[in-house]
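Trainee: sequence and predicted structure are below.
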Amino acid sequence: MVLHLLESLSRLIHTCCDTLNRGVVRWTRPSPSGLVLGTAADLTRSKPALIAENALLRQQLIILRRQISRPRLSTKDRFRLVLLASRVRGWKQALVLIQPETLRRWHRKGFRLFWKCKSAKPSTTPRISEESITLIRAMVAENRPWGAERVRGEVLKLGIRVSKRTIQKYMRQARPPRRTSQTWKTFLRNHAHEIWACDFLQVTDLCFRQLFAFLIVELASRTVVHVGVTRHPTDEWIAQQLRQATPFGQKPRYLIRDNDSKYGPLVARLAATSRIEVLTTPYHAPRANAICERFLGSVRRECLDHLLILHERHLGRVHREYVDYFNQARPHQGIKQAIPAASEMMPAPCQSRRNIAATPILGGLHHDYRLAA
């Protein structure tokens with residue numbers, strides 16, 4: 001009986017010790033989310049454990065700095081870094097994510113903000129009323145050409161005295177700043193009928209040989225002007241393709257292309273002789289040539305992903321057949337479901353299914369639906 005009681009008491013003591021140990025470990029565990037709690041927990045830990053943890057954190061910061069770009073810091077993060085750096089003697093060596101000059105700039109900015117708030121005099125002039133603010137915003141919204149002085153003169157006629165800076169403050173809230181120049185989207189919309197875009201489509205044939213298709217698209221109607229296929233896209237070959245695409249003076253005013261090294265001096269000389277201004281797209285900006293890129297994507301999704309290309313002539317035949325279908329039969333979302341090369345008006349609605357004829361395209365991969373004669 002006594003042995004049984006001793007065993008029960010021993011198990012109870014062991015359970016209590018384990019619970020207490022887990023609680024101590026949990027409370028002294030470093031907090032990843034709270035700075036104050038983590039610092040308080042570090043006071044109960046030994047120096048070798050803190051040194052090992054600092055080495056572990058430093059190695060992770062080295063990996064972080066090597067693999068990703070500079071992270072974004074909030075205002076609280078900047079304040080904490082400045083405060084902690086003021087308490088560390090070797091703070092320059094402890095910085096990993098930011099430069100020491102950046103920390104000094106934050107410190108100076110905080111001093112300027114502190115003295116600005118401390119030296120600001122209380123305003124003795126009454127604030128502008130809500131009715132006046134509503135009136136200023138209405139004037140700004142209803143009269144787009146008016147500036148701050150014009151609005152100030154108009155409210156003075158009504159007996160409301162406000163400064164120019166006050167009007168500018170509420171103008172920024174009621175009217176977004178006007179752009180000093182037109183955007184790329186606006187330029188394309190205004191000059192789409194004078195712009196062609198060209199690009200290369202790389203294809204691998206059945207024997208794993210590289211083929212290149214050169215395509216030119218008119219932006220206004222989405223019409224594919226020219227297509228050429230070759231194994232070796234040299235400067236002379238590209239210049240010849242551009243000559244074939246512009247017969248009898250049919251040429252654009254602007255030609256959009258990327259910064260590919262395939263375009264050499266012969267292409268530039270031919271474009272200058274034909275009075276075609278070449279516009280090169282910026283690096284890592286596929287949206288600058290979005291219409292041509294979208295056409296290349298359509299070629300892959302609707303044609304090349306479903307066929308095995310045997311050789312260069314086979315790819316040329318496939319491209320020509322798809323381009324004929326694209327220009328003469330395929331509706332395009334970018335021009336409100338119209339056909340790029342359509343010359344006739346939309347036909348009347350068909351009431352009978354028997355009056356519709358389907359023509360297979362690319363061996364039945366697509367079909368062209370027309371009204372039967």
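Mentor: That came in fine, so what should we check first? Residues are numbered from 1 along each chain as shown.
Trainee: Ile160 and Ser129, how far apart?
Mentor: Distance, Ile160 to Ser129, by C-beta to C-beta, to the nearest Å: 9 Å. C-beta coordinates here come from the backbone N, C-alpha and C atoms, glycine included.
Trainee: look at the two and report which has more neighbours.
Mentor: The residue with the greater number of neighbours, taking Ile160 and Ser129 and applying other C-beta atoms under 10 Å, is Ile160; the counts read 15 against 10.
Trainee: what's the closest non-adjacent residue to that one?
Mentor: Leaving aside its sequence neighbours, Ile160 sits nearest to Ser132 (C-beta to C-beta, 6 or more residues apart in numbering; 5.3 Å).
Trainee: how much space between that neighbour and Ala174?
Mentor: Ser132 is 13 Å from Ala174, where distance means C-beta to C-beta.
Trainee: neighbour count winner among the two?
Mentor: Of the pair Ser132 and Ala174, Ser132 is the one with more neighbours under other C-beta under 10 Å, namely 18 against 14.
Trainee: now Thr134, what's its secondary structure?
Mentor: Per DSSP: H, G, I helix; E, B strand; the rest coil, the local secondary structure of Thr134 is helix.
Trainee: okay, now the unreliable bits of the stretch 1-150 of the chain?
Mentor: Under the criterion pLDDT under 70, the flagged ranges of the stretch 1-150 of the chain are 1-6, 17, 20-38, 41, 56-60, 62-71, 89-90, 93, 96, 121-126.
Trainee: quick one, domains of the chain?
Mentor: If you go by automatic domain parsing, the domain ranges for the chain are 73-117, 130-174, 186-345.
Trainee: just those domains: most buried one?
Mentor: With neighbours defined as mean count of other C-beta atoms under 10 Å, these peak in mean count at domain 186-345, which reaches a mean of 16.
Trainee: could you pull out the strands for the stretch 151-300 of the chain?
Mentor: Per DSSP state E, counting those that start in this stretch, the stretch 151-300 of the chain has strands spanning 195-204, 210-218, 224-230, 254-257, 277-280. These are given in chain order.
Trainee: relative to Ala357, which of those is closest?
Mentor: Closest to Ala357 of the strands of the stretch 151-300 of the chain, according to C-beta to C-beta: strand 224-230, at 24.5 Å.
Trainee: let me have the strands of the stretch 151-300 of the chain in a markdown table, extended by mean pLDDT and distance to Arg137.
Mentor: Conversion of these to a markdown table gives the following (pLDDT from 0 to 100; distance: least, C-beta to C-beta, whole Å):
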| stretch | mean pLDDT | distance to Arg137 |
| --- | --- | --- |
| strand 195-204 | 94 | 40 |
| strand 210-218 | 95 | 45 |
| strand 224-230 | 94 | 50 |
| strand 254-257 | 93 | 41 |
| strand 277-280 | 92 | 41 |
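Trainee: including distance to Ala329, could those go into CSV?
Mentor: Converted to CSV, those look like this (distance: least, C-beta to C-beta, whole Å):
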stretch, distance to Ala329
strand 195-204, 21
strand 210-218, 17
strand 224-230, 13
strand 254-257, 26
strand 277-280, 31
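Trainee: for Ala94, which of those strands is the nearest?
Mentor: Proximity to Ala94, assessed across the strands of the stretch 151-300 of the chain by C-beta to C-beta, is greatest for strand 277-280 (45.5 Å).
Trainee: send me the closest one as PDB with only the CA atoms.
Mentor: C-alpha atoms of strand 277-280 as PDB (Å, rounded to 0.1, in the frame of the first residue of the first chain):
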ATOM      1  CA  GLU A 277      10.300  55.600 -88.000                       C
ATOM      2  CA  VAL A 278      11.400  52.500 -86.000                       C
ATOM      3  CA  LEU A 279      10.200  52.500 -82.300                       C
ATOM      4  CA  THR A 280      12.100  50.000 -80.100                       C
END
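Trainee: so which of the strands of the stretch 151-300 of the chain comes closest to Gln99?
Mentor: strand 277-280 (34.6 Å).
Trainee: contacts for the closest one next, please.
Mentor: Under the criterion C-beta atoms under 8 Å, 6 or more residues apart in numbering, residues Arg253, Tyr254, Leu255, Ile256, Arg257, Asp258, Asn259, Val267, Ala268, Ala271 lie in contact with strand 277-280.
Trainee: show me where pLDDT drops low in the stretch 151-300 of the chain?
Mentor: Within the stretch 151-300 of the chain, the segments meeting pLDDT under 70 span 176-182.
Trainee: residues near Leu12, how many?
Mentor: Here the neighbour count serves as a burial measure; for Leu12 (other C-beta under 10 Å) it reads 10.
Trainee: report the separation between it and Asp18.
Mentor: The gap separating Leu12 from Asp18 is 11 Å, by C-beta to C-beta.
Trainee: Ala174 too?
Mentor: The spacing between Ala174 and Asp18, counted by C-beta to C-beta, is 67 Å.
Trainee: residues in contact with Val323?
Mentor: Remark: with contacts taken as C-beta under 8 Å, 6+ apart, Val323 is in contact with Val224, Val227.
Trainee: is it fair to say it lies in a strand?
Mentor: No - when classified by three-state DSSP, Val323 is found to be helix rather than part of a strand.
Trainee: just the pLDDT for it.
Mentor: Among the per-residue scores, Val323 holds a pLDDT of 92.
Trainee: on that earlier part again, ok, now which ones touch the residue nearest to Ile160?
Mentor: Ser132 is in contact with Val155, Ile160, Val162, counting by C-beta under 8 Å, 6+ apart.
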